[in-house]
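[1] the sequence and its predicted three-dimensional model are supplied below.
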Amino acid sequence: MCMSRIIQFIIIALLMTTPAMAGDQGSTDNGILKSLNALGKRLGIGEPDDAFGAFLEPDKAFIFTADVADSNTVIAHWDIADGYYMYRDKFKFKLIEDGGITLGEFQAPPGKLKKDETFGDTVVYYHQVSLTLPLQHANNFITPITLEAKFQGCADAGFCYPPITKSIDLIIPAAEAASTSSNPGTTATSVIPEQDRIALLLSGDETWWALLSFFGFGLLLSFTPCVFPMVPILSSIVVGQGKQVTTKKAFLLSLTYVAAMSVTYTTAGVIAGLFGSNLQIGFQNPWVLGSFSALFVLLALSMFGFYDLQIPSSLQTKLDSLSKRQQSSTYIGAGIMGLLSALIVGPCLAAPLAGALIYIGLSGDAVLGGASLFMLSLGMGVPLLIIGTSAGKLLPRAGSWMNAIKAVFGVVLLGLAIWMLERIIPDQITMLLWSVLLIGSAVYMGALERLAMEATGWRKLGKSAGLVMLIYGILLMIGAAGGGDDVLQPLRGTRLPFANSTTSNQSLTSLDFKHVKNVDDVKREIALATAAKQPVVLDFYADWCFDCKRMEKRTFTDSGVHQALESAVLLQADVTANDNEDKALLKFFGLPGPPATLFFTAQGSEIRQYRLIGFLEPEKFRQHVENALTLKL
């Protein structure tokens, strides 16, 4: 016991030399040893032998959290256990990683005056306390920070904890500005891009709510052009089973396809978020797209009955059971198609996907980011699961109907092959291929055959549909011959006299972008625009990007958009090649891939809150441009 008291005395003497203990004095009423022993216990030293004895661990006595209230405020909060209190004058804060943000003096609520045996009269807090931490910055982009908090507390029963240090990672929104208007000369309110709002959603405390939100985002994305091509792919897998398909098997095939797609999206997204390398972009090259298109053609020919796709007989003899062989190979095939579909068919960049990637890149939290991407993918897969399972229930089991349905899916697969090739072949060739497919399908449907008097209503309907396809196919062929480039408007932009008009030509030409290749090009052009006191619009484009082409043909040809952008310098980065310079440029601006449109002021700084990810209709894009380019920071 004597040795224990000597050790206490030495440790307490060392602690008293620190600033936190300066001026601490023990009572001498009952002797030096008794007071040293009491003080040692209050400081957590000595008996009992374990670290805190009957007292709570620090993390349970003082539960620390911090939340971002807005771009200029962080709220630090403590839940304090009953019978414990915290000192107001022991709170200290600093930013370890500030990203250009300065931390002001915190604001504390009134506390309770307590006569403390260790520190004398001091203000303390019981039960809970929230402190307001002001932030000062002008960042027009979301910024990750690391907040370090130091604090100290005690127990009423006579035990004081040593000073505690905690740190927490937070994501701060773009700095707020004043009210926005479409009129020139106004200033802007706090406008946070959708992808940044989604990233902030992930950084909050409601993890389950965030994951549920991403599932909802996925459901909405399932109705976009990025996911539509997956419907016939999955349906053709189910239809290809023929008489063997059942509702259960259709569900399991669909589930395998969706699960493989979800895992692939999640893996690719985490890689893009952590390393800035979008795995999906790597598959958008002519060899991969050409091979996948050829696979669709092979599947289509199988649907037409030219041959049956099955495991080679030499491999079949090495397997144990024919039924097990066919079942396992079918599910493996569905999984492979789900993986390839995620990588090749749907590399679209939407705001929810971009938001998750921004969060992963800024916070490094690949687990939560990956979970959100997985929920997003599952949401995208729910309609696929329903459609695939329904096919197994609704499809006829035998007869000529099955052959007709297979033929329809064969045509759809050929259409998917052309849709894939659109990214790497000239527009006129694309129109010609669509023309051949439509005319051939029309002939197959009997558009050129005479209807018998006793023909059924279905036969007449089929002939009518065939005639429509025949006429549209001919228009596509004429448009391709005349230099047209739009499948939906085949005669638009052609050199044919009857196809042109003064009115249509006014909005025919796309924007006149100046092309930039790398970071140095962008910096140089922005510097030139700054010298001329002009704002800058930078668009990211790729041939394989479906939404990029929609923006080019629908939005960038609108006369209202042209008028809104008259005063701006227009730059475009074509990242189709995905070479080192393209990757460096995307990484410099923190973009996983196209489409994206960035806006810069006449002073050369990006208006981060008006960064646009994805496709926008002409009228909405025009309003977006007007708000961005009339903004005063």
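    Received the coordinates, thanks.
[2] quick check, Ile405 in a helix?
    Yes - residue state for Ile405 (DSSP: H, G, I helix; E, B strand; the rest coil) corresponds to a helix.
[3] tell me the pLDDT at it?
    Among the per-residue scores, Ile405 holds a pLDDT of 70.
[4] equivalent analysis for Pro347, please.
    So Pro347 comes in at 62 (pLDDT).
[5] go on, Ala54?
    78.
[6] helix, strand or coil for it?
    Quick answer, by three-state DSSP: Ala54 is coil.
[7] where's it relative to Ile80, distance?
    18 Å (C-beta to C-beta, to the nearest Å). To be clear about C-beta, it is placed using only N, CA and C from the backbone, and glycine gets the same treatment.
[8] which of the two has more neighbours?
    Ile80 (18 against 9; other C-beta atoms under 10 Å).
[9] which of the helices or strands spans Thr267?
    Element membership for Thr267 (DSSP states H and E) is helix 247-275.
[10] I meant to write Gly218 there.
    Residue-wise, Gly218 maps onto helix 207-221 under DSSP H and E.
[11] coming back round to it: counting contacts, what elements does the helix holding Thr267 pack onto?
    helix 230-239, helix 322-340, helix 351-363, helix 366-394 (3 or more C-beta pairs under 8 Å, 6 or more residues apart in numbering; DSSP states H and E).
[12] angle of that helix against helix 207-221?
    With axes from the mean of the first three to the mean of the last three C-alpha atoms, to 10 degrees applied, the angle from helix 247-275 to helix 207-221 works out at 110 degrees.
[13] can you give me the mean pLDDT across helix 247-275?
    Confidence over helix 247-275 (mean pLDDT, whole number) is 79.
[14] so after that helix, what's the next helix or strand?
    Counting by DSSP H and E, what follows helix 247-275 is helix 286-303.
[15] how about stretch 469-486: buried residues?
    By neighbour count on 16 or more other C-beta atoms under 10 Å, the buried set for stretch 469-486 is 469-470, 472-473, 475-480, 482, 484-486.
[16] can you map out the helices along the stretch 401-550 of the chain?
    427-444, 457-481, 502-505, 519-531, 546-550 (DSSP state H, counting those that start in this stretch).
[17] next, the distance between the ends of stretch 549-565.
    Terminal residues of stretch 549-565 lie 19 Å apart, using C-alpha to C-alpha, to the nearest Å.
[18] so which elements touch whatever helix or strand Lys620 lives in?
    Taking DSSP H and E as the definition, Lys620 sits inside helix 618-629. Under the contact criterion of 3+ C-beta pairs under 8 Å, 6+ apart, helix 618-629 touches helix 559-564, strand 596-600.
[19] what do you get if the cut-off is 6 Å, keeping everything else the same?
    Where contact means 3 or more C-beta pairs under 6 Å, 6 or more residues apart in numbering; DSSP states H and E, helix 618-629 is packed against helix 559-564.
[20] show the subsequent helix or strand relative to the helix it packs on.
    Downstream of helix 559-564 (by DSSP H and E), the next one is strand 569-574.
[21] and the average pLDDT for that next one is what?
    92.
[22] ok, that strand: who's next to it in the sheet?
    Strand 569-574 sits in its sheet next to strand 514-516 (parallel), strand 536-541 (parallel), going by DSSP bridges.
[23] what's the most buried one of those?
    strand 536-541 (a mean of 22; mean count of other C-beta atoms under 10 Å).
[24] how is the protein partitioned into domains?
    2-42, 58-176, 203-420, 426-500, 514-629 (automatic domain parsing).
[25] and the strands paired with strand 569-574 as a markdown table, adding mean pLDDT?
    Below are the strands paired with strand 569-574 laid out as a markdown table (pLDDT from 0 to 100):
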| stretch | mean pLDDT |
| --- | --- |
| strand 514-516 | 91 |
| strand 536-541 | 92 |
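[26] in the stretch 401-550 of the chain, where is pLDDT below threshold?
    401-403, 493-508 (pLDDT under 70).
[27] Lys406 touches Phe304, doesn't it?
    No - taking C-beta atoms under 6 Å as the definition, Lys406 is not a contact partner of Phe304, at 7.4 Å.
[28] neighbour count for the two, which is higher?
    Legend: neighbour count by other C-beta under 10 Å for Lys406 and Phe304, higher for Lys406 (19 against 16).
[29] before we move on, back to that, and the helix holding Gly218, what's its mean pLDDT?
    The average pLDDT within helix 207-221 is 79.
[30] just stretch 386-400 next, same as before
    64.
[31] do stretch 158-169 as well
    Rounded mean pLDDT across stretch 158-169 is 88.
[32] and the end-to-end length of it?
    34 Å.
[33] how about that stretch: buried residues?
    In stretch 158-169, counting by 16+ other C-beta under 10 Å, buried: 159-161, 164, 166, 169.
[34] what does stretch 223-234 give?
    Judged by neighbour count (16+ other C-beta under 10 Å), stretch 223-234 contains these buried residues: 224, 226-227, 229-230, 232-234.
[35] is Leu467 in contact with Ala447, as I believe?
    Yes - counting by C-beta under 6 Å, Leu467 touches Ala447, with 4.9 Å between them.
[36] give me the contact list for the helix holding Lys620.
    180, 182, 535, 555, 558, 560-561, 564-565, 599, 607, 610 (C-beta atoms under 6 Å, 6 or more residues apart in numbering).
[37] quick one, that helix and strand 536-541 angle?
    Using the same axes, to 10 degrees, helix 618-629 lies at 140 degrees relative to strand 536-541.
[38] pLDDT of helix 618-629, averaged?
    On average, helix 618-629 scores 87.
[39] what's the angle between it and strand 596-600?
    Using the same axes, to 10 degrees: helix 618-629 against strand 596-600 is 30 degrees.
[40] mind listing what's buried along helix 618-629?
    Applying 16+ other C-beta under 10 Å to helix 618-629 flags 618, 621-622, 624-629 as buried.
[41] tally of neighbours for Val68?
    Neighbours around Val68, by other C-beta under 10 Å: 19.
[42] so which helix or strand takes in it?
    strand 62-70.
[43] what's the first helix or strand after that strand?
    Following strand 62-70 in sequence, per DSSP H and E, is strand 73-80.
[44] still on that earlier bit, neighbour-wise, which of Leu467 and Ala447 wins?
    Ala447 (20 against 15).
[45] next, work out how far apart the more buried one and Ala465 are.
    Distance from Ala447 to Ala465, by C-beta to C-beta: 8 Å.
[46] next: Asp579.
    For Asp579 relative to Ala465 (C-beta to C-beta), the value is 45 Å.
[47] the more surrounded of these two?
    Taking other C-beta under 10 Å, Asp579 and Ala465 do not tie; Ala465 has more neighbours (14 against 11).
[48] the stretch 51-200 of the chain: helices as residue ranges?
    All helices of the stretch 51-200 of the chain, identified by DSSP H, counting those that start in this stretch, fall at 58-61, 194-203.
[49] and those, which one is worst for confidence?
    Among these, helix 194-203 carries the lowest mean pLDDT (a mean of 63).
[50] tell me how many other residues crowd Leu135.
    24.
[51] how about Pro173?
    Count around Pro173 with other C-beta under 10 Å applied: 21.
[52] Thr73 now?
    15.
[53] and the spatially closest residue to Gly370 that is not a sequence neighbour, how far from Thr264?
    In space, and not counting its chain neighbours, Gly370 is closest to Val270: 4.6 Å by C-beta to C-beta, 6 or more residues apart in numbering. For Val270, the distance to Thr264 equals 11 Å [C-beta to C-beta].
[54] this completes my enquiry, with thanks.
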